[in-house]
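Enquirer: Give me the fold of what follows.
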Amino acid sequence: MKKKKNRKLLMQVLLITFPILMLMLVVMVWAVYESSVDGFLEAKNDHMEYFLESYYQEYSYVEDDEMEWYLDSWERNPVYMREDYTKEEEEAFWDAANESYELKTEVEWLNSASSLVQAYYAKGYYQTYVFYAQQYGTESGYEEFFIVDVTEDYAGMIISDYRRSGSAIMAGEYISDDFGDRPVVKEMRKSGSGKMFFERATDFPEKGNYYIAYKPIYYNGKLRVLLGIVFKWDDFRKTMGTTLSKALLIGIGGMMIAISLLLILLYRKAIAPVSKLQRIVLKYREDKDSEAVVKSTAEMNVRNELGRLSDDIAGLAKEIDQYTEDNIRLVGEKERVSAELDMARKIQTEQLPNVFPAFPDRKEFDIYASMTPAKEVGGDFYDFFFIDDDHLAMVMADVSGKGVPAALFMMMSKMLINNYAMMGLTPHEVLERTNETICKNNKQKMFVTVWLGILEISTGKVTASNAGHEYPVIRRPEGRFEILKDEHGFVIGGLNKVKYKDYEFSLESGSTVFVYTDGIPEATDSDNKMFGMDRLTEALNHEPDGSPEKLLHNVNDAVRSFVREAPQFDDLTMMAVKYL
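Expert: Below you'll find the predicted structure:
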């Protein structure tokens, strides 16, 4: 399986590198080809320009007006120009030669001469012009030498054409139908200068590879004719193609050798070490022996990034072993702490009244309470106990913070309240004494909110005091639960020598008192909305005449239904007392 993976990686490298190198080789060969062709053809420029300039300078010896007269005559009847002189034309010429025309220019004399004389002169100069053009073309060694008309009406009409192949175009015929529309011709018309123009063509004058030099001839400022010399470079192209094909094959062979050497080097320097590292890692997964990893990686002796990677793997294996040891130790410690917290939770639960019915022999009232901590142990607590046969103390408290510190502070606060209440003190005196005792040694600045009420069972009168705790909720007989907004004092443990006040209310038969901690109204759902007091009273009024146990279950179900999957951030503690 591992060898297959190595072959796959080598194949991936080959599939990536081979096309790239092939593309580079083809581009390089094409660049060499184009550069060689351009250099070869441009080397012809000077000779082709010299050839055309030489012909023009030697055989264009007449004035512009006279030359235009000849060109006009040739254009009107090019076929006639190729015919020999007639006897009438020769006689007319000799007769005209004896006449005097000293006061006339050459063009004026020609225009005034008879048609036979004009034909004789046009034929004579044409035949001389073409003769030397054919002679020049023959001596040049080029494929073709042509003189072509480029006026608007006769663009592309041959005046003279020499072809080495012997297939020259006759005067009066056209070198191509669209010669006047060729870009190079249009550029010469715009230029207006006598500079040379060069063109590479594959469809002119015939199918093939041609390099053409043009010399534009202007008479009286107008482009009239072109001298063109044609070099056919098919042989050079074939030679270059053969040479470069051989070079391409040699390059491909060399590239394949280079790729093979690269793959061998890649396998030895990269893939083989990676495979060994893979085997080391797999073995470590089986036996978890970091010392074997360190030994195996040290034997690799690779001096590159893979060598550093092997060192990192060895270091990582040692760190994993150390982490595993630490994790095992932490798991053991966590289990120990969890066991201790579970014991603390049990101890805390046992410290709260949790057996119901709490006083089965007392028929004057019914009481029920519960506490659900947010962590293993909580800071909330409730308590109820008899001070004497006719007085029942009811306590609901909430310690700042969570967890073990809050639980310890809760135990101390509970015992102090219980002790001072059993001394027969009023609720406000119990809170004042408790606050004074806690403030004497409260370096952690913890505090507790407390609602303390003492029920006189024989009369139903409740004397209560509130140290920064939530409002109690009371239901009168046949009525609904409503919030009792009592007067709040400062929290216990927050400030020394705080004074608290008592207040009273009476319970009639069927009345119920519900007290709780802030974990109930502040329970929060996933949208960060709080349960609130409206939902609390609504849950209580769902079955307002229910037993205390039923009331607490209804509130708890309403809270759970509201928060759903949202985590519990605070203790949920509540207590209900129904006066019968």
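
Enquirer: host element of Asp161?
Expert: strand 157-163 (DSSP states H and E).

Enquirer: I meant to write Gly307 there.
Expert: Gly307 belongs to helix 305-351, assigned by DSSP H and E.

Enquirer: what's the answer for Glu482, then?
Expert: strand 481-483.

Enquirer: so what strands line up beside that strand?
Expert: Sheet pairing of strand 481-483 (DSSP bridges) gives strand 473-475 (antiparallel).

Enquirer: can you tell me the average pLDDT over the partner strand?
Expert: Strand 473-475 shows a mean pLDDT of 97.

Enquirer: Then stretch 27-39?
Expert: The model assigns stretch 27-39 a mean pLDDT of 84.

Enquirer: Relative to the whole chain's centre, how far out is it?
Expert: Here stretch 27-39 is found 40 Å from its chain centre; the criterion is Cα atoms, centre = their mean, to the nearest Å.

Enquirer: remind me which residues of the chain are low pLDDT?
Expert: 1-7, 9, 99-104, 303, 337-342, 344-347, 375-378 (pLDDT under 70).

Enquirer: Mind doing that once more with 50?
Expert: 1-4, 103 (pLDDT under 50).

Enquirer: if we can go back for a sec, for the strand holding Glu482, which residues meet the burial criterion?
Expert: Phe481 (16 or more other Cβ atoms under 10 Å). Just so you know, the C-beta spots here come from the backbone N, C-alpha and C atoms, and that holds for glycine as well.

Enquirer: Quick check: next helix or strand after the strand holding Asp161?
Expert: Where DSSP H and E defines the elements, the next helix or strand beyond strand 157-163 is helix 183-191.

Enquirer: for that next one, which positions count as buried?
Expert: Buried, per 16+ other Cβ under 10 Å, within helix 183-191: Val184, Val185, Met188.

Enquirer: who touches the helix or strand just after that helix?
Expert: Next along the chain after helix 183-191, taking DSSP H and E as the criterion, comes strand 197-201. Counting by Cβ atoms under 8 Å, 6 or more residues apart in numbering, strand 197-201 makes contact with 41, 45, 48, 182, 184, 187-188, 209-214, 216, all of which sit outside it.

Enquirer: try 7 Å this time
Expert: Strand 197-201 is contacted by residues Leu41, Asn45, Val184, Glu187, Met188, Tyr210, Tyr211, Ile212, Ala213, Tyr214 when judged by Cβ atoms under 7 Å, 6 or more residues apart in numbering.

Enquirer: what angle do it and helix 183-191 make?
Expert: Relative orientation of strand 197-201 versus helix 183-191 (axes from the mean of the first three to the mean of the last three Cα atoms, to 10 degrees): 160 degrees.

Enquirer: pull the CA atoms of the helix or strand that strand 197-201 is followed by into CSV?
Expert: Per DSSP H and E, strand 197-201 leads on to strand 210-219 as the next helix or strand towards the C-terminus. Provided in CSV are the C-alpha atoms of strand 210-219 (Å, rounded to 0.1, in the frame of the first residue of the first chain):
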residue,chain,number,x,y,z
TYR,A,210,7.5,35.3,-49.6
TYR,A,211,9.4,38.4,-48.4
ILE,A,212,8.6,41.4,-50.5
ALA,A,213,10.4,44.8,-50.7
TYR,A,214,8.5,47.7,-52.2
LYS,A,215,9.8,51.0,-53.5
PRO,A,216,7.0,53.6,-54.1
ILE,A,217,7.5,55.9,-57.1
TYR,A,218,5.9,59.3,-56.9
TYR,A,219,5.4,61.7,-59.8
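
Enquirer: Strand 210-219: what's the following helix or strand?
Expert: strand 222-232.

Enquirer: So which elements touch that next one?
Expert: Packing contacts for strand 222-232, counted by 3 or more Cβ pairs under 7 Å, 6 or more residues apart in numbering; DSSP states H and E, involve helix 45-59, strand 144-149, strand 210-219.

Enquirer: Dihedrals phi and psi, Thr573?
Expert: Main-chain torsions, Thr573, degrees, to the nearest 10: phi -130, psi 140.

Enquirer: show me what contacts the closest residue to it other than its chain neighbours?
Expert: Residue nearest to Thr573 in three dimensions, not counting chain neighbours: Asp380, with 3.7 Å by Cβ to Cβ, 6 or more residues apart in numbering. Applying Cβ under 7 Å, 6+ apart to Asp380 gives the contacts Met371, Ala397, Asp398, Thr517, Gly519, Asp571, Thr573.

Enquirer: hmm, what's the outermost residue in this structure?
Expert: No residue in the chain sits farther from the centre than Asn98, which is 96.9 Å out by Cα atoms, centre = their mean.

Enquirer: Show the contacting residues for it.
Expert: Under the criterion of Cβ under 7 Å, 6+ apart, Asn98 has no contact partners.

Enquirer: can I assume Arg480 is in contact with Pro544?
Expert: Yes - between Arg480 and Pro544 there is a contact under Cβ atoms under 7 Å: 5.6 Å.

Enquirer: of the two, who's got more company?
Expert: With neighbours defined as other Cβ atoms under 10 Å, Arg480 and Pro544 compare such that Pro544 has more, 15 against 11.

Enquirer: The more buried one reaches Pro477, doesn't it?
Expert: No - Pro544 sits out of contact with Pro477 when judged by Cβ under 7 Å, with a separation of 10.3 Å.

Enquirer: Asn528: neighbouring residues, count only.
Expert: Per other Cβ under 10 Å, the neighbour tally for Asn528 reads 7.

Enquirer: any idea how far it lies from Val281?
Expert: Between Asn528 and Val281 the computed distance is 46 Å (Cβ to Cβ, to the nearest Å).

Enquirer: from the chain's centre, how far out does the helix holding Gly307 sit?
Expert: 39 Å.

Enquirer: Same check on stretch 237-244?
Expert: The chain centre lies 47 Å from the centre of stretch 237-244; the measure is Cα atoms, centre = their mean.

Enquirer: Kindly report the same for stretch 368-376.
Expert: 51 Å.

Enquirer: So for Thr324, what's the nearest residue that isn't a sequence neighbour?
Expert: Once flanking residues are discounted, Thr324 sits nearest to Lys288: 7.5 Å by Cβ to Cβ, 6+ apart.

Enquirer: what's the burial count for the one you found?
Expert: 13.

Enquirer: Which parts of the stretch 351-500 of the chain are helices?
Expert: 403-422, 427-440 (DSSP state H, counting those that start in this stretch).

Enquirer: What's the local residue count around the spatially closest residue to Gly424 that is not a sequence neighbour?
Expert: Residue nearest to Gly424 in three dimensions, not counting chain neighbours: Ile387, with 6.6 Å by Cβ to Cβ, 6+ apart. Neighbour count for Ile387, taken as other Cβ under 10 Å: 16.

Enquirer: Quick check: Ile387 vs Lys578, distance?
Expert: Note on Ile387: its distance to Lys578, by Cβ to Cβ, is 20 Å.

Enquirer: go on, Tyr125?
Expert: 142 Å.

Enquirer: Kindly report the same for Ile217.
Expert: The value you get for Ile217 to Lys578, if Cβ to Cβ is used, is 128 Å.

Enquirer: can you list the contacts of Asp380 in a markdown table and add neighbour count and distance to Asp203?
Expert: Converted to a markdown table, the contacts of Asp380 look like this (neighbours: other Cβ atoms under 10 Å; distance: Cβ to Cβ, whole Å):
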| residue | neighbour count | distance to Asp203 |
| --- | --- | --- |
| Met371 | 19 | 102 |
| Ala397 | 25 | 106 |
| Asp398 | 27 | 100 |
| Thr517 | 27 | 99 |
| Gly519 | 25 | 95 |
| Asp571 | 24 | 96 |
| Thr573 | 25 | 101 |
